[in-house]
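Chemist: predicted model follows, preceded by the sequence.
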Amino acid sequence: MDTSDALWISALAFAHVYVVFFALRAASSLYPAAVHRVKGWLCIGRGKSCCAAQPALPRPRSGDIWMAATKLLPRGAPLELSWEGLGCSYETQDGVKTVLQDVSGVARPYELQALMGPSGAGKSTLLDILAARKTVGRLTGTVKVNGAPRGSSFVRLTAYVPQEDAFLPTMTVQETCELHAALRLGRGATRARREERIEEVLASMNMLHARHTLVGGVLPGGLALRGLSGGERRRVSVAIGCLAHPKVLFLDEPTSGLDACSALAVVEHLRDRAADSGLTIVASIHQPRASVWAAFNSVSILSGGLLMYSGPTSGLLPWFEGGLGYGPWDADAHGSVADWAIDLVNAGFTKPTSYGRTIETDEDLASAAAAFSAHYSASSQRGSKPQQPGAAPGSSHGDNGRGGARDDAQSDDQDAASAAEAGAAGARAAKGSRGGAAAAAAAAAAAAAAAAGGVVMVVDAAPAGTDSPGAPPAAAPPRGPLGWLRRGAGRRDNAAATGGAAAVGRVEGPSWWRQFQVLLWRELLSTMRNPMDVAGRMIIFAYVAVFIGLIFWRLGDDVDGLRNRLTLLYSQAQVYLLMPYVYMSLYSSDKAYFIADSSAKLFRVSAYYAAKTIAVIPFVLANVLAGTLIVYGMAGLRLDAGSIVAHCVACGLCYMTAQQVQALATILTPNQDSAFIISIAWTCINLYESNFLVRFSDMTHSWIGGLRYVSAVYYAFSGMLRAEFEGASASCAGGVAPDLIASLKALVPAAPASRVQMAARTLEQPGADCRMDFNAVLGYFNLDWPMWGYITALLIYLGAVHVASYLALLLLARKERR
Ligand SMILES: Nc1ncnc2c1ncn2[C@@H]1O[C@H](COP(=O)(O)OP(=O)(O)OP(=O)(O)O)[C@@H](O)[C@H]1O
């Protein structure tokens, strides 16, 4: 066995050990139960008596859910979120499109508020504005926290649970929680504290039993991993949302895609968390069934971007039926009040006569919105605004104690009078508005109802004792709309008393270095657990290399060998140019995860990028080295340490550049197809601007050769040429192969036979001292730069693509997606 054999055999052996190791590792992580069983059969790691008594799979510790839940109490004061006159419009090709108009409301601590409305009503838009995640569109209105403007720390005090979570399928629930705990909890959180917190939130969502279960889902390679059920996923999402003690939790469609039982379980968990921890929860939701609806304390109903109602759920029916005169509601015919209300405000379809008086047209919609707006303004003007910072508990209408109840009772008459006035004013205003006369009528109806002390005006007193110090907070009792509007901030910690917005203190997130470490861990973990990503890649690299090696097996040093060597070097560059295409789907899925995580402001882009880049290097090096050395040894390329290193470096850089260009194309373009188009265009330049298929000096249009500077293959091929041929020579005593001489004769049949004969004889027997100087090859290809010049150029190229990718990621993180 010579040195070339040693090279390719050891590289191939390494590839196999690598594949087996990572395949087993991935399998043991992805299918822990199966591995446990196999270990049991084989009596591995279980001691002598393992076969006699197999211990069950380690069961997660069950927690005392109630005890754990009580630990969820957020630190500091609860937050009351109030919004006034919110609007959102977009510039579209057809002009300005208004999707939200004059929307006001309050979300209170200890309460679960639903955002409801027909499709396209503006629920997600409103949720995004409230969560401070909306950055495009023309936004108007104000959002306040405990009566003061939102500070820059607001986002860190809230959690947003999107409709689709972005958990990596290959991580367990525990690992996913650890990742989020490390990224979301403040700098002071020790490992023990993070562990404790994870246990708390999982217990609170009744998910402790699944902490060692894989999240599951479909891997980028298409492999489907069994994991959590849909309901469990949602509960884990909520648990993770709660990790950093948010004061306000936003959820986008928390029950979508869930069966009825799972949906109910999720919503009841949310209600309980709000009630026992002082969380303020706002969730957009599509027509909930009755039991789910019953879990909500309050609701904002939108339709066509207009606010139809905002208040306690118990006030919904009285407002529409008693106040505006719609309906009547019939439980048998219309389902729950929520179902009826959503049907009522949906002006997009003709309703059966069983609906009685209903909203049919945009005009009806506008008039109902105007009536509610008038009612809401009247209520707000009478002092129902959230308490201002510095106000003493019980000093305003927001008081939650007995004093508050007394105030409410005393002010009923005043409320009725002022609401009637406001209703009349609303009616006057509505005459000039979109709803016109119908709006005026509706507003007047509201005023009439108010003046008559109708149900719209009902003010419920808070149950005595609910606010007594030390008493556990109870779920918010149902109240009429006005009473709901008049109540103040949180029940236990009066936010105003503790400084209102000042309580929204600055939260220090983890350091850059910490983020980098955590993200690097995630990247390594997820890569190693994806068998297609690690073992699959290595198998492809190794066996493509074996195939190429067999084709170019033991190239000689003669003229034919020289020609084949050139072809091999070119094909090596091509293989590394094309290989990353197999994994295009990975770049797309990475992008999707990045978008989701950066929307949640989980990390700094630079920390993510550094971790992502560094995490792939060991795997790329292993694949490229194994593949390159197999070909190198089998083909019998130049056995010189410098040449081997330069060849491997050129191949590795070519591969990494191609990979990075494809990743960049994926970041820059909206979908995978467009990324393909850009990548193919770049690949085409690389294929033809190599100096091999056609030399630059042979091109008729010399300017087109200028594109060589964006061709990674040109640099890699030139570097490999220098590594292989520079300073090399070989004996040519054996002469040129007879078949080649015959070809030459056939090629120039018209040449004088004697001269051809003479030339042929010289080529057949050039003499014992004949030597081929391979430097001539370098001259033929006009290689002006030294070998390391090409390698350095490739390195700079790769660096430039990385800089472009990083900038593109920064842009992507800032770009509007919502
Ligand atoms: N960037 C945008 N440009 C123009 N219109 C937009 C844009 N984003 C959203 N819209 C429009 O805003 C309206 C409200 O959208 P939104 O997603 O808030 O509704 P929704 O109530 O959440 O609907 P669904 O229940 O179907 O998710 C829709 O008509 C939507 O087409």
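Modeler: Structure received.
Chemist: can you read off the backbone torsions of G87?
Modeler: G87 adopts backbone torsions of phi -140, psi 150, taken as degrees, to the nearest 10.
Chemist: next one: the one 5 residues further on
Modeler: With angles defined as degrees, to the nearest 10, T92 shows backbone torsions of phi -120, psi 170.
Chemist: just the pLDDT for it.
Modeler: Predicted confidence (pLDDT) for T92: 86.
Chemist: count of residues packed around it?
Modeler: T92 has 8 neighbours, counted by other C-beta atoms under 10 Å. C-beta here means a position set from N, CA and C on the backbone, and glycine is covered the same way.
Chemist: how close does it sit to the ligand?
Modeler: Here T92 is placed at a distance of 5 Å from the ligand (C-beta to the nearest ligand atom, to the nearest Å).
Chemist: return the residues in contact with the residue positioned nearest the centre of the chain.
Modeler: Centroid-nearest residue in the chain: A596, 2.1 Å away (criterion: C-alpha atoms, centre = their mean). Taking C-beta atoms under 8 Å, 6 or more residues apart in numbering, we find A596 in contact with 162, 164-166.
Chemist: domains in this structure, by residue range?
Modeler: The chain breaks down into these domains under automatic domain parsing: 518-732+770-814, 734-769.
Chemist: tell me the most buried of those domains?
Modeler: Sort the domains of the chain by mean neighbour count, taking mean count of other C-beta atoms under 10 Å, and domain 518-732+770-814 sits at the top with a mean of 19.
Chemist: quote the end-to-end distance of that domain.
Modeler: The first and final residues of domain 518-732+770-814 sit 22 Å from each other (C-alpha to C-alpha, to the nearest Å).
Chemist: for stretch 219-227, same thing?
Modeler: End-to-end distance (C-alpha to C-alpha), stretch 219-227: 12 Å.
Chemist: do stretch 352-371 as well
Modeler: Taking C-alpha to C-alpha, the first and last residues of stretch 352-371 lie 25 Å apart.
Chemist: wasn't the residue nearest to the centre of the chain part of a helix?
Modeler: Yes: according to DSSP: H, G, I helix; E, B strand; the rest coil, A596 belongs to a helix.
Chemist: same for the helix or strand harbouring L100, what does it pack against?
Modeler: Secondary structure assigned from DSSP states H and E places L100 in strand 95-107. Counting contacts by 3 or more C-beta pairs under 8 Å, 6 or more residues apart in numbering; DSSP states H and E, strand 95-107 packs against strand 81-92, helix 123-130, strand 138-145, strand 280-284, strand 298-303, strand 306-312, helix 362-379.
Chemist: what does this structure put close to the ligand?
Modeler: 90, 92, 97, 99, 117, 119-125 (C-beta under 6 Å from any ligand atom).
Chemist: what's the farthest-apart pair in the residues you listed?
Modeler: Greatest spacing in the residues of the chain next to the ligand, by C-beta to C-beta: T92 and G117 (20.8 Å).
Chemist: picking up where we left off before, tabulate the domains of the chain (CSV), appending distance to S152 and mean pLDDT.
Modeler: Below are these laid out as CSV (distance: least, C-beta to C-beta, whole Å; pLDDT from 0 to 100):
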stretch, distance to S152, mean pLDDT
domain 518-732+770-814, 11, 93
domain 734-769, 75, 77
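Chemist: just send those domains back as JSON lines, with distance to R138 too.
Modeler: Below are the domains of the chain laid out as JSON lines (distance: least, C-beta to C-beta, whole Å):
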{"stretch": "domain 518-732+770-814", "distance to R138": "18"}
{"stretch": "domain 734-769", "distance to R138": "74"}
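Chemist: quick check: which of these is nearest to F22?
Modeler: Between F22 and these, the tightest spacing by C-beta to C-beta is seen for domain 518-732+770-814, at 4.3 Å.
Chemist: L555: what secondary structure?
Modeler: Judged by three-state DSSP, the three-state class of L555 is coil.
Chemist: tell me which element the closest residue to it other than its chain neighbours falls in.
Modeler: Leaving aside its sequence neighbours, L555 sits nearest to G561 (C-beta to C-beta, 6 or more residues apart in numbering; 4.5 Å). Secondary structure from DSSP H and E places G561 in helix 559-578.
Chemist: cool, and G186?
Modeler: Taking DSSP H and E as the definition, G186 sits outside all helices and strands.
Chemist: look at it and say how many residues are nearby.
Modeler: With other C-beta under 10 Å as criterion, G186 counts 13.
Chemist: ramachandran angles for the residue in the stretch 451-600 of the chain that the ligand sits nearest to?
Modeler: Closest residue of the stretch 451-600 of the chain to the ligand, C-beta to the nearest ligand atom: S599 (14.9 Å). For S599, the backbone dihedrals (degrees, to the nearest 10) come out as phi -60, psi -40.
Chemist: which intervals of the stretch 351-500 of the chain have sub-threshold pLDDT?
Modeler: For the stretch 351-500 of the chain, residues meeting the criterion pLDDT under 70 lie at 381-500.
Chemist: now do 90
Modeler: By pLDDT under 90, the weakly predicted segments of the stretch 351-500 of the chain are 351-365, 367-368, 374-500.
Chemist: on that earlier part again, and the helix holding G561, how far out from the chain middle?
Modeler: With C-alpha atoms, centre = their mean, to the nearest Å as the basis, helix 559-578 stands 41 Å off its chain's centre.
Chemist: for stretch 532-539, measure first residue to last.
Modeler: 10 Å.
Chemist: which residues touch it?
Modeler: Stretch 532-539 has contacts (C-beta under 8 Å, 6+ apart) with 15, 18-19, 22-23, 26, 219-223, 527-528, 582-583, 586, 619, 622-623, 626.
Chemist: any idea how far it is from the middle of the chain?
Modeler: Relative to its parent chain, stretch 532-539 has a centroid offset of 24 Å by C-alpha atoms, centre = their mean.
Chemist: then stretch 735-747?
Modeler: Using C-alpha atoms, centre = their mean, the offset of stretch 735-747 from its chain centre is 63 Å.
Chemist: now do stretch 769-777
Modeler: Taking C-alpha atoms, centre = their mean, one finds stretch 769-777 lying 58 Å from the centre of the chain it belongs to.
Chemist: check stretch 107-124 too.
Modeler: Centre-to-centre, stretch 107-124 and its host chain are 23 Å apart (C-alpha atoms, centre = their mean).
Chemist: got the buried residues for that stretch?
Modeler: Across stretch 107-124, burial judged by 16 or more other C-beta atoms under 10 Å covers 107-118, 121-124.
Chemist: and what of stretch 341-360?
Modeler: 341-347, 355-356, 358-359.
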